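# Sequence unavailable; structure follows:
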Ligand code: HEM
Ligand code: HEM
């Protein structure tokens, strides 16, 4: 029951990632073809472009959403793969905890970076 | 009792790489798994690397310099390829798992049709789209720049 719920969230997260990461890939990698959200020109990872996106509250919020959805989807997917190998129950519990801690830790780091990055950009 | 035809579902780790007698869908499954794990590995490192932007221009440019050069460029292109496959094939799986595009249950009358017969055109369509994205991505990465 619980796994069915988590798996449904895994699929829902996939749909969210599709939209947000799709946009992220277009911005970062189809810049020569499409060229959106890179107001300073040059490369999408140039500081001026990072700042321009960072000033936007919408980018900040959707990065945090993508961060959460991506971490859940990816780490839950990894958990499923590892559980297919049928580890002993204590090992299963330990794995779940490790993956949860990695996910929460990186979520805190990324949220901090998005938020402080937004403030740094707004002062620039 | 129905006799086991010698293809137990659990092929173990080798089942992640080989299709055995399961056919093309098994290879799509393997690729979905490999690309998912590749994206995850990149993503975990990506969070750490991009968080340097919170520390200002100097820290950002330093960490970007650390991940530049032809090797990283090729790596990033592979991330893009993995994304193209995992995203498009993922949409196909989303629909299939919700019951769309796999046909309705029918009486098993010879010659037997399986849900794979209904699914195959979608899988082919997905592959064509993925190939197109990979080509456009390569042009953007290596030619138009
Ligand atoms: C682009 C949008 C994405 C979509 C539509 C998508 C969709 C899916 C779907 C439908 C599954 C299969 C679930 C199942 O059959 O139980 C899956 C598995 C998985 N995904 Fe994604 N995904 C996306 C992005 C990502 C990203 C960015 C990552 C990495 C952070 C990722 C990592 C994984 C992993 C590790 C699995 C497990 C693979 C397996 O069990 O063989 N996915 N995804
Ligand atoms: C290889 C291609 C990629 C490039 C060049 C790239 C580039 C960037 C850059 C420059 C940023 C900083 C924010 C900004 O400037 O707007 C960023 C943030 C971010 N990227 Fe990517 N990215 C790539 C792939 C991915 C993938 C595959 C994911 C997986 C889901 C992802 C998820 C994120 C998230 C969640 C953030 C915000 C992180 C945070 O708030 O700390 N990116 N990316």
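Cool, got the structure. The model shown is predicted, which means the values in this text are computed figures rather than measured ones. Residues are numbered from 1 along each chain as shown, chains lettered A, B, ... in the order given. Ligands and ions are numbered 1, 2, ... in the order given.
# so for the helix or strand hosting residue A:105, what's the average pLDDT?
Element membership of residue A:105, judged by DSSP states H and E, is helix A:89-123. Across helix A:89-123, pLDDT averages out at 97.
# can it be found next to ligand 1?
No - judged by Cβ under 6 Å from any ligand atom, helix A:89-123 and ligand 1 are separated, with a smallest distance of 10.8 Å. C-betas here are computed from N, CA, C, even on glycine.
# helices or strands next to that helix in the packing?
helix A:47-54, helix A:57-84, helix B:24-50 (3 or more Cβ pairs under 8 Å, 6 or more residues apart in numbering or on different chains; DSSP states H and E).
# Find the residue at the geometric middle of chain A.
residue A:67 (2.4 Å; Cα atoms, centre = their mean).
# What sits closest to that residue if chain neighbours are left out?
Spatial nearest neighbour of residue A:67, excluding adjacent residues (Cβ to Cβ, 6 or more residues apart in numbering or on different chains): residue A:110 at 4.3 Å.
# pretty sure that neighbour contacts residue B:51?
Yes - Residue A:110 lies in contact with residue B:51 (Cβ atoms under 8 Å); the separation is 6.3 Å.
# I'd like to check the angle between the helix or strand containing residue A:21 and helix B:24-50, please.
Assigned by DSSP H and E, residue A:21 belongs to helix A:2-29. Orientation check (axes from the mean of the first three to the mean of the last three Cα atoms, to 10 degrees): helix A:2-29 against helix B:24-50 gives 70 degrees.
# Just the mean pLDDT for helix A:2-29, thanks.
96.
# Residue numbers of chain A in contact with chain B?
Those residues of chain A that sit near chain B, judged by Cβ under 8 Å from any Cβ of the partner chain, are A:11, A:14-15, A:17-18, A:21-22, A:25, A:29-33, A:45, A:47, A:50, A:54, A:67, A:70-71, A:74-75, A:77-78, A:81, A:84-85, A:102, A:106, A:109-110, A:112-113, A:115-117, A:120.
# What is the neighbour count of residue B:57?
Residue B:57 has 14 neighbours, counted by other Cβ atoms under 10 Å in any protein chain shown.
# Check the one 3 residues further on too.
The burial metric for residue B:60, expressed as a neighbour count using other Cβ under 10 Å, is 23.
# Can you pull the residues of chain A lying near ligand 1?
Residues of chain A lying near ligand 1 by Cβ under 6 Å from any ligand atom: A:10-11, A:14, A:17-18, A:21, A:70, A:73-74, A:77-78, A:80-81.
# got those as JSON lines, with neighbour count columns?
Converted to JSON lines, the residues of chain A next to ligand 1 look like this (neighbours: other Cβ atoms under 10 Å in any protein chain shown):
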{"residue": "A:10", "neighbour count": "19"}
{"residue": "A:11", "neighbour count": "14"}
{"residue": "A:14", "neighbour count": "21"}
{"residue": "A:17", "neighbour count": "23"}
{"residue": "A:18", "neighbour count": "17"}
{"residue": "A:21", "neighbour count": "20"}
{"residue": "A:70", "neighbour count": "27"}
{"residue": "A:73", "neighbour count": "24"}
{"residue": "A:74", "neighbour count": "23"}
{"residue": "A:77", "neighbour count": "19"}
{"residue": "A:78", "neighbour count": "17"}
{"residue": "A:80", "neighbour count": "15"}
{"residue": "A:81", "neighbour count": "13"}
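# Residue B:110: which of those is nearest?
Of all the residues of chain A next to ligand 1, residue B:110 sits closest to residue A:11, with 35.4 Å by Cβ to Cβ.
# quick one: the nearest residue to the closest one once chain neighbours are set aside from residue A:82, how far?
In this structure, residue A:11 finds its nearest non-sequential neighbour in residue B:94, 5.9 Å apart by Cβ to Cβ, 6+ apart. According to Cβ to Cβ, to the nearest Å, residue B:94 stands 23 Å off from residue A:82.
# And for residue B:71?
Applying Cβ to Cβ, the value for residue B:71 to residue A:82 is 29 Å.
# what about these two, which has more around it?
The neighbour count for residue B:71 versus residue A:82, taken as other Cβ under 10 Å, is higher for residue A:82 (15 against 9).
# Enumerate every residue touching the more buried one.
When contacts are counted by Cβ atoms under 8 Å, 6 or more residues apart in numbering or on different chains, residue A:82 touches residue A:95.
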